[in-house]
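Participant: Starting from these lines, generate the structure:
(chains A and B)
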Number of protein chains: 2
Amino acid sequence: MTAYSSLEARFSRLAALEGAAGILGWDAQAMMPDGAAESRGEQLAVLHGLAHEILTAPATADDLAAAEAEGGLETWPAANLYEMRRAHTHASAVPQALVEARSRAVSRSEMVWREARRDADFARLAPYLEELLRLQREIGQAKGAALGLDPYDALLDGYDPGMRRSIIDPLFSDLTSWLPGLIAEARERQESRPAPVPLDGPFPIETQRQLGLTLMRALGFDETRGRLDISLHPFCGGATDDVRITTRYDEADFSRALMGVLHETGHALYEQGRPAEWRHQPVGSARGMSLHESQSLIVEMQACRSREFVAYLAPLLRHAFGRSGPAWEAENLYRLYTRVVPGFIRVDADEATYPAHILLRYRLETAMIAGDLAVADLPGAFNDGMRDLLGLDVPDDRLGCLQDIHWPSGAFGYFPTYTLGAMAAAQLFRAARTAEPALPGCLAQGDFAPLRTWLRTHIHGRGSLLGTDALLAEATGAPLGTAAFRAHLEARYLGE
Amino acid sequence: MTAYSSLEARFSRLAALEGAAGILGWDAQAMMPDGAAESRGEQLAVLHGLAHEILTAPATADDLAAAEAEGGLETWPAANLYEMRRAHTHASAVPQALVEARSRAVSRSEMVWREARRDADFARLAPYLEELLRLQREIGQAKGAALGLDPYDALLDGYDPGMRRSIIDPLFSDLTSWLPGLIAEARERQESRPAPVPLDGPFPIETQRQLGLTLMRALGFDETRGRLDISLHPFCGGATDDVRITTRYDEADFSRALMGVLHETGHALYEQGRPAEWRHQPVGSARGMSLHESQSLIVEMQACRSREFVAYLAPLLRHAFGRSGPAWEAENLYRLYTRVVPGFIRVDADEATYPAHILLRYRLETAMIAGDLAVADLPGAFNDGMRDLLGLDVPDDRLGCLQDIHWPSGAFGYFPTYTLGAMAAAQLFRAARTAEPALPGCLAQGDFAPLRTWLRTHIHGRGSLLGTDALLAEATGAPLGTAAFRAHLEARYLGE
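Facilitator: You can find the predicted model right below:
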């Protein structure tokens, strides 16, 4: 057995462990009774611990060095070896004691965060967040030393391989220059028209579920390799060949669950479309969080909130819920689904104001990791940013810096991928439309085949063969930029 | 850290791996989409492989020897160490190559069995079953050599620690002497009365489910640490603090799902009642398959098919399904739930004829493991036994030796535990009733507390502290015997 094939066997075991943890994680959100939380935590800790042991074992390091020295691999195995090395470097960079200290700090901090958020009491979280930030900075330094990166880039690289502040900063700086103006102009135009008619419930949950399933199938979700269930916080998870998406239903408002299902289906199509031969190897993984988010947003924002698709959706909704009247006309639905309303909560934000939430968080978390912003000063800085970027005065920290679980979970370096994903989605959608001129007409008939086929070929089926920018350049002719996103927002919000 | 405490840490990791595999196994039966079967198989194989590695690691062996030499442990830790040694001996006895060969043979044989059963074509299964039997005999010999047991006892010990042919043979021989006569007499008496009125459906599934949940709660099932779901083959599985039971609904017949839920709840109460402090250690496990089956049967057969409980159940059923009339009177329901009808299929058998199915299978599988019965001769021997024990002529192997998955799954040594469990259930129920004279009166009011409390104290909470016979002797005053079972069957089927 060559060193490389022994590595393939080892990473195939790792993929199985990750898959097992993925299903157990899904179960914890969608099925698990409350009293099992502690046992489940232990199960996941053991699985992650064993995976870390296998990944950082001396035999793995030896095989990596031997396989790299041997060379002579074809394109896919060579890229696979590169991804193996990356995973190994990330895992080995951080001493086991630091990994465990961080894991315990995250558990404590997440628990305190739930209460602190409920009571809008940042002071209660602060000491825990300080401790966690200290550990995250240490981890960033350790990974940075191993990867030759600054600490924030090293953390970012864990979520989005190859992504760097040097790529993000110019993109976000450009965005900052025109986004507030675009939001203001969009709102002015919006206010100059009559407000859209709201949709009155109730909307039976089972009808909502069936509607979601119908659209999932239309999008190409393979039900023999995945499921739709319910959880408090919607997500796309599970395992290879077993993609589990979730949503949360509200009888008074079907649109949120429906758009959530479409969003998660975008993620799921990426997972289901990964290269069949390499699905259990690192090179067969999705490329990173920015591209993953681009796949959810290309479905939800680019395709499914388009005028063409909403025209197809309108009669479907009328039929499903047995309604009619002005509220249910396509144009009214389109206005509802593209309404711009600055608000406090990121996850409720519309497509135009969402990036403002991300610009703020990116600014704050890079400063925290650099040691330029103390945890104690976070609420003030957060609120200043909200005033600055969205013109809103945050009334309390529950609606401010306590709203997201990311930082209390130790996820620093994750936030920018949401907006990088939105940019990539616009860029990919434009390229797909150029390559497949029939695409908008097909959406108007509920036919996603041209979009899906294009994404399968140019994104899903390529796994982690190339870096994000190289993959985007091959698919769209250019690395990640803001132009397509700006053009999309202008067309949708400043056009007719 | 002492050798013993290092063992506790290692076995706690093993318990987490087992729990993870338990939830993934539940998911495979209750939730998983078909296309995920191969990935799931790989996940489970990796988890079992890692558990086997940890269990048989030289460090584990060293710690076991050191802890045994140290001595000085209190009662529970000492029993825990004993169970650790047992698990280690079982796992280490079989060479890795044989474990893997068996695992592959089981996969093939189960797959072929499904088709062979469907087509009543034993010849198709025969070569696969032969190969698997060969491997099982080899495993029995290897385990036997390590445990100082004959091969069948060694296999049996894997399901029911301490159980031996020398215990079973006299019990089953006694049973054989009176059971056919009892069945004949019960049927005569049954025929001398008017047939019970059947219950006409349809019975809505959701009503059936709610009824099952109501009775689970009454029995004491803790819903914060478990769930009820649906699967093709009902079972009790899951993990510590997360007990998952399943059933299968039929709109035309609610009784089967309901009795199934009661049966699995009996298993679940055992799992939920294991000693809290030791739940993640070997000594905190359920004692073995005979006692496990005793807990399902004490609930289903002893308590819930009793005249007292059926009197409580009857108005509940009338109310739930909105029915009335003679079919729904308690006495008619009792006759339906205690009807004796010899049939071909073990899993459909009533309480009186069920042991005949087991006597036959025990006779055949001990002969197969001893090398006294060839696979080619199995159908003939099976059919002879059915004629002999139940007076039935088996028309084809689908209704004969192809009906159960046990042998094609390599489960030799499992069958006797069903009937040993039935005996233990009768013996335990009699002891509980003696200790708690109010017990039958409580059942008549749907109050399971006295029975549950008694079982918690005498069985569930004791885990694997004692052997099966010692545990039964402490709880009932005698080791496992046939007397209580015979008295129970005579009272129910030959009494008024």
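Participant: all contacts plus neighbour counts: C-alpha atoms, from now on.
Facilitator: Noted.
Participant: What are the boundaries of the helices in the stretch 351-496 of chain A?
Facilitator: Along the stretch 351-496 of chain A, the segments classed as helices by DSSP state H, counting those that start in this stretch run A:354-370, A:378-390, A:416-435, A:439-443, A:449-458, A:468-476, A:483-489.
Participant: same question, the stretch 51-200 of chain A
Facilitator: According to DSSP H, counting those that start in this stretch, the helices that the stretch 51-200 of chain A contains are A:58-70, A:75-93, A:96-118, A:122-147, A:151-159, A:165-191.
Participant: just so I know, which of the helices of the stretch 351-496 of chain A lies nearest chain B?
Facilitator: For the helices of the stretch 351-496 of chain A, proximity to chain B was assessed by CA to the nearest CA; helix A:449-458 is nearest, at 19.2 Å.
Participant: and that closest one, C-alpha only, in CSV?
Facilitator: C-alpha atoms of helix A:449-458 as CSV (Å, rounded to 0.1, in the frame of the first residue of the first chain):
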residue,chain,number,x,y,z
ALA,A,449,-33.1,22.2,-14.3
PRO,A,450,-30.9,24.7,-16.3
LEU,A,451,-29.7,26.4,-13.1
ARG,A,452,-29.1,23.1,-11.2
THR,A,453,-27.3,21.6,-14.1
TRP,A,454,-25.0,24.6,-14.5
LEU,A,455,-24.3,24.6,-10.7
ARG,A,456,-23.6,20.8,-10.7
THR,A,457,-21.0,21.2,-13.4
HIS,A,458,-19.3,24.4,-12.3
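Participant: ok now that helix, how far from the chain's centre?
Facilitator: Computed by CA atoms, centre = their mean, to the nearest Å, the chain-centroid distance of helix A:449-458 equals 20 Å.
Participant: who does it touch, helix- and strand-wise?
Facilitator: helix A:416-435, helix A:439-443, helix A:468-476 (3 or more CA pairs under 8 Å, 6 or more residues apart in numbering or on different chains; DSSP states H and E).
Participant: how far away is the closest residue to A:M301 other than its chain neighbours from A:F429?
Facilitator: If you skip the residues right next to it in sequence, A:M301 has A:E351 as its closest partner in space, 7.4 Å away by CA to CA, 6 or more residues apart in numbering or on different chains. From A:E351 across to A:F429, the span is 15 Å (CA to CA, to the nearest Å).
Participant: neighbour count winner among those two?
Facilitator: Neighbours per residue (other CA atoms under 10 Å in any protein chain shown) separate A:E351 from A:F429, with A:F429 holding more: 27 against 18.
Participant: Distance check, the more buried one against A:T214.
Facilitator: 23 Å.
Participant: In CSV: the helices of the stretch 351-496 of chain A, plus mean pLDDT.
Facilitator: Output for the helices of the stretch 351-496 of chain A, formatted as CSV (pLDDT from 0 to 100):
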stretch, mean pLDDT
helix A:354-370, 98
helix A:378-390, 97
helix A:416-435, 98
helix A:439-443, 97
helix A:449-458, 98
helix A:468-476, 97
helix A:483-489, 98
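Participant: If you count neighbours, what's buried in stretch A:8-18?
Facilitator: Buried residues in stretch A:8-18, defined by neighbour count with 16 or more other CA atoms under 10 Å in any protein chain shown: A:E8, A:R10, A:F11, A:S12, A:R13, A:L14, A:A15, A:A16, A:L17, A:E18.
Participant: Repeat that for stretch A:155-173.
Facilitator: By 16+ other CA under 10 Å, the buried positions in stretch A:155-173 come out as A:155-165, A:168, A:171-172.
Participant: Correct me if wrong: A:C236 contacts A:E264.
Facilitator: Yes: assessed by CA atoms under 8 Å, A:C236 is found in contact with A:E264 at 5.6 Å.
Participant: Tell me which of the helices of the stretch 51-200 of chain A sits most buried.
Facilitator: helix A:151-159 (a mean of 24; mean count of other CA atoms under 10 Å in any protein chain shown).
Participant: Any chance you could list what contacts that helix?
Facilitator: Under the contact criterion CA atoms under 8 Å, 6 or more residues apart in numbering or on different chains, helix A:151-159 has outside partners A:90, A:137, A:139-144, A:147, A:163-165, A:288-289, A:366, A:369-370, A:412-414.
Participant: Now do it: distance to the chain's middle.
Facilitator: That offset, for helix A:151-159, works out to 16 Å (CA atoms, centre = their mean).
Participant: Can you show me the strands along the stretch 151-300 of chain A?
Facilitator: A:226-230, A:236-239, A:242-247 (DSSP state E, counting those that start in this stretch).
Participant: With mean neighbour count, mean pLDDT and distance to A:A57 as added columns, please give the ones you listed in TSV.
Facilitator: Below are the strands of the stretch 151-300 of chain A laid out as TSV (neighbours: other CA atoms under 10 Å in any protein chain shown; pLDDT from 0 to 100; distance: least, CA to CA, whole Å):
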stretch	mean neighbour count	mean pLDDT	distance to A:A57
strand A:226-230	19	97	33
strand A:236-239	24	97	24
strand A:242-247	27	97	29
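Participant: how about TSV for those, with distance to B:L489 added?
Facilitator: Putting the strands of the stretch 151-300 of chain A into TSV (distance: least, CA to CA, whole Å) gives the following:
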stretch	distance to B:L489
strand A:226-230	46
strand A:236-239	49
strand A:242-247	48
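Participant: can those strands go into TSV with extra columns for distance to chain B?
Facilitator: Below are the strands of the stretch 151-300 of chain A laid out as TSV (distance: least, CA to the nearest CA, whole Å):
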stretch	distance to chain B
strand A:226-230	6
strand A:236-239	8
strand A:242-247	5
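Participant: so who does the most centrally placed residue in chain A touch?
Facilitator: In chain A, the centroid-proximal residue (CA atoms, centre = their mean) is A:E293; its distance is 4.1 Å. A:E293 makes contact with A:H267, A:T417, A:Y418, A:G421, A:A422, A:A425, according to CA under 8 Å, 6+ apart.
Participant: The first one and A:G260: what is the separation?
Facilitator: This points to A:H267. Distance of A:H267 to A:G260, computed by CA to CA: 11 Å.
Participant: quick one: which of those two has more around it?
Facilitator: Each of A:H267 and A:G260 has its neighbours counted (other CA under 10 Å); A:H267 has more, 26 against 22.
Participant: what number of residues lie near the closest residue to the more buried one other than its chain neighbours?
Facilitator: Take A:H267 and drop its neighbours on the chain: the residue closest to it by CA to CA, 6+ apart is A:S296, 4.9 Å away. As a burial measure, A:S296 scores 26 neighbours (other CA under 10 Å).
Participant: backbone phi and psi for the residue nearest to A:T353 when sequence neighbours are not counted, please?
Facilitator: In space, and not counting its chain neighbours, A:T353 is closest to A:P342: 6.0 Å by CA to CA, 6+ apart. Main-chain dihedrals, A:P342, degrees, to the nearest 10: phi -60, psi 140.
Participant: three-state assignment of A:N332?
Facilitator: Three-state assignment for A:N332 (DSSP: H, G, I helix; E, B strand; the rest coil): helix.
Participant: From chain B, how far off is it?
Facilitator: A:N332 sits 38 Å away from chain B when distances are taken as CA to the nearest CA, to the nearest Å.
Participant: tell me the contacts of that residue?
Facilitator: By CA under 8 Å, 6+ apart, A:N332 lies in contact with A:P196, A:V197, A:P326.
Participant: Flag every residue of the stretch 1-150 of chain A that's near chain B.
Facilitator: Residues of the stretch 1-150 of chain A found near chain B (CA under 8 Å from any CA of the partner chain) are A:13, A:16-17, A:19-20, A:23-24, A:32-36, A:39-40, A:42-43, A:46-47.
Participant: rerun that using 10 Å as the cut-off
Facilitator: A:12-21, A:23-24, A:27, A:31-47, A:50 (CA under 10 Å from any CA of the partner chain).
Participant: From the residues you listed, list just the buried residues.
Facilitator: Buried among the residues of the stretch 1-150 of chain A next to chain B by 16+ other CA under 10 Å: A:12-21, A:23-24, A:27, A:32-33, A:35-36, A:39-47, A:50.
Participant: Residue ranges in the stretch 101-250 of chain A under the pLDDT threshold?
Facilitator: Of all residues in the stretch 101-250 of chain A, none has pLDDT under 70.
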